[in-house]
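Visitor: here is a sequence with its predicted model. Questions after.
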Amino acid sequence: MAEKGYVPVLILKEGTQRTTGRDARRANILAARVLAEAVMTSLGPRGMDKMLVDSFGDVTITGDGATILKEMDVQHPAAKMMVEVAKAQDDEVGDGTTTVVVLAGELLKHASELLDQEIHPSIIIEGFERAMEYSLKVLDDIAEPVDPLNKEVLKKVAITALASKAVAEYKEYLADLVVDAALSVVEKRGDKWYLDIDNVKIEKKKGESLSETQLVKGIVLDKEGVHPGMPKRVEEARIALLECPLEVEKTEISAKIQITSPEQMKAFLDEEIKLLREMVEKLKKIGANVVITQKGIDDVAQHYLAKYGILAVRRVKKSDMEKLARATGARIVTSIQDLTEKDLGYAKLVEERKVADDKMVFIEGCKNPRAVTILVRGGAEHVVDEAERAIHDALCVVRNVIQEGKIIAGGGAAEIEVARKVREYAMKFKGKIQLAMQKFADAMEVIPTILAQSAGLEPVDVLTELRNLHAKGRKWAGVDVIGGKVVEDMMKLNVIEPVIVKKQAIKSATEAAIMILRIDDIIAAAPPKEKEKKGREEGFKSGETE
């Protein structure tokens, strides 16, 4: 019987690439590990910085994991997942972005070794999940409760966060500013303390040095008074916050006015001036001597405001208006007609000052301000940018301690303790799951290993010494990177971190590793051909011209 001829069936579009099974897994693991190795050297107080140049030639110099990954133009889908994990870590707890990527990369490296031993991914995943759950329990058990408003503890936590940044030279000075800012805006909700870091405005201005960075108990606006005749300094300021323009509003219905004589034209203009004068007189009548609006201010209104000695600022961002309301106690009003004396806010001083080559408006001396500003100075643009990122991270860790009230020691101490406990716990399981859990423990030790390398120490010797100390009950033994030695108690060195940062890092890293291990098939669509591209572009252009 003649063999029947088989007709090939095309399911995927021509040019589509498909990778399956072990090859797919290897490709994803490799991409994630390459990304982890790229940020690995930036971990810790002796970490190195990266110089990133974008397609426009703009240069970013940073050691912040989240910024490095955000600025990198990552193409591989598995590597993009790692970038997302770092972003989630940054959004959730504000620190530990490098740690989470390094941990995920190390977990995948050890998972790869197990895959080479023919261990099924589902067993590795189960082992990692059990080890992760136990790790979180261990961290809760070893974490030490603290008074959430203890200024000394908060300062130590902020210093630890700032020590690994480019601004480490000024870490004590900046930590004081960060803690003062945080304690100024902290509030109690029920029986818990709450800190919204959006109420701490970070304003950057190039010039001077980092030592000139200051905390303003109020708000700093990168704006100036709208008229040169306005006062530059207003003491005992009564502030009106407007969401409406100081202009004559156009009617919503289209109307035409026929003017047949110069007298009619004059009457029309006089009426417009009268309306604007009445607006300003209303402000003067209720006692406002500072006006800040989100919208514009007409030239005529500017003249009358200057005449009545009222300082006015226009086109202020909505977020800044909300901070001003919290700082001064003013109420944002949408119509001048509705404005009353009760809506006015108070500040001891509103002053226009020259900072570097620009003018800025300082609103300070507010009674019990619910929003404050840290004005960051620095000799170069990248210094100011890096300082802003460092201050943001420090604010986040301070917030975490205020809201959680639990701390652990840094320097790799927590990771070594977690690894030791997970190894003990793994012995309760039989079969291949035990191997996966032990590999999880090995992966945790990558943090102290990198810290040892950055301090110029021999990682194997450091790891052995730390394991011995932890086995003897020294749960806070870690790597003193600055001193270049192993220390029995990192708490005594004041290297302190919020436990929530470490928990989130382990959780996110494990979830990312598991997500990548679950993938056994990659189907990548073919890139559009040149003809298709041109056709689309031409179609788009013709659509624009129509």
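Guide: Perfect, thanks for sending it. Numbering: from 1, shown residues only.

Visitor: which residues does residue 240 contact?
Guide: Neighbouring residues of residue 240 by CB atoms under 8 Å, 6 or more residues apart in numbering: 283, 286, 288, 290-292, 330, 333, 339, 343-345. Placement of C-beta: from N, CA and C, glycine included.

Visitor: 7 Å - rerun?
Guide: Shown in contact with residue 240 (CB atoms under 7 Å, 6 or more residues apart in numbering): 283, 288, 291, 339, 343-344.

Visitor: same deal with residue 276?
Guide: Per CB under 7 Å, 6+ apart, neighbours of residue 276: 248, 298, 300-301, 304.

Visitor: what's the answer for residue 449, then?
Guide: With contacts taken as CB under 7 Å, 6+ apart, residue 449 has the following neighbours: 459, 463.

Visitor: helix or strand: which one has it?
Guide: Using DSSP states H and E, residue 449 falls within helix 446-454.

Visitor: what residues does the helix or strand just after that helix touch?
Guide: Sequence order places helix 459-471 as the next helix or strand after helix 446-454, per DSSP H and E. With contacts defined as CB under 7 Å, 6+ apart, helix 459-471 is touched by 416-417, 420, 445, 448-449, 452-453, 477, 479, 486, 488.

Visitor: phi first, then psi, for residue 290.
Guide: Dihedral pair for residue 290: phi -140, psi 130, per degrees, to the nearest 10.

Visitor: so it touches residue 352, yeah?
Guide: No - the criterion here is CB atoms under 7 Å, and residue 290 misses it with residue 352 at 10.7 Å.

Visitor: so where is the stretch 201-350 of the chain shaky, pLDDT-wise?
Guide: The stretch 201-350 of the chain contains residues with pLDDT under 70 at 250-255, 257, 268.

Visitor: so where do the helices sit in it?
Guide: Listed in chain order, the helices of the stretch 201-350 of the chain (DSSP state H, counting those that start in this stretch) span residues 262-285, 299-307, 318-328.

Visitor: nearest to residue 73, of those?
Guide: The closest of those to residue 73 is helix 318-328. By CB to CB, the value is 28.9 Å.

Visitor: put the alpha carbons of that closest one into CSV.
Guide: Only the C-alpha atoms of helix 318-328 are listed here, as CSV (Å, rounded to 0.1, in the frame of the first residue of the first chain):
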residue,chain,number,x,y,z
LYS,A,318,-1.5,70.3,41.8
SER,A,319,0.7,68.0,44.0
ASP,A,320,2.5,71.1,45.4
MET,A,321,-0.9,72.8,46.1
GLU,A,322,-2.0,69.8,48.1
LYS,A,323,1.3,69.9,50.1
LEU,A,324,0.8,73.7,50.7
ALA,A,325,-2.7,73.0,52.0
ARG,A,326,-1.3,70.4,54.5
ALA,A,327,1.6,72.7,55.5
THR,A,328,-0.3,76.0,56.0
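
Visitor: from the chain's centroid, how far away is it?
Guide: Offset of helix 318-328 from its chain centre (CA atoms, centre = their mean, to the nearest Å): 20 Å.

Visitor: kindly report the same for stretch 156-166.
Guide: 15 Å.

Visitor: circling back: model confidence over the helix holding residue 449, on average?
Guide: Average pLDDT, helix 446-454: 93.

Visitor: what angle sits between it and helix 459-471?
Guide: With axes from the mean of the first three to the mean of the last three CA atoms, to 10 degrees defining the directions, helix 446-454 sits at 130 degrees from helix 459-471.

Visitor: show me where the stretch 401-546 of the chain has its strands.
Guide: 406-409, 478-480, 485-487, 496-498, 521-524 (DSSP state E, counting those that start in this stretch).

Visitor: wait, I meant the stretch 51-200 of the chain
Guide: Secondary structure of the stretch 51-200 of the chain (DSSP E, counting those that start in this stretch): strands at 59-62, 144-145, 187-189, 192-194, 200-206.

Visitor: quick check: which of these is buried the most?
Guide: strand 200-206 (a mean of 20; mean count of other CB atoms under 10 Å).

Visitor: now for that strand, which elements pack on it?
Guide: Strand 200-206 is packed against strand 372-378, helix 381-404, with contacts defined by 3 or more CB pairs under 7 Å, 6 or more residues apart in numbering; DSSP states H and E.

Visitor: dump the ones you listed to TSV, plus mean neighbour count.
Guide: Converted to TSV, the helices and strands packed on strand 200-206 look like this (neighbours: other CB atoms under 10 Å):
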stretch	mean neighbour count
strand 372-378	24
helix 381-404	23
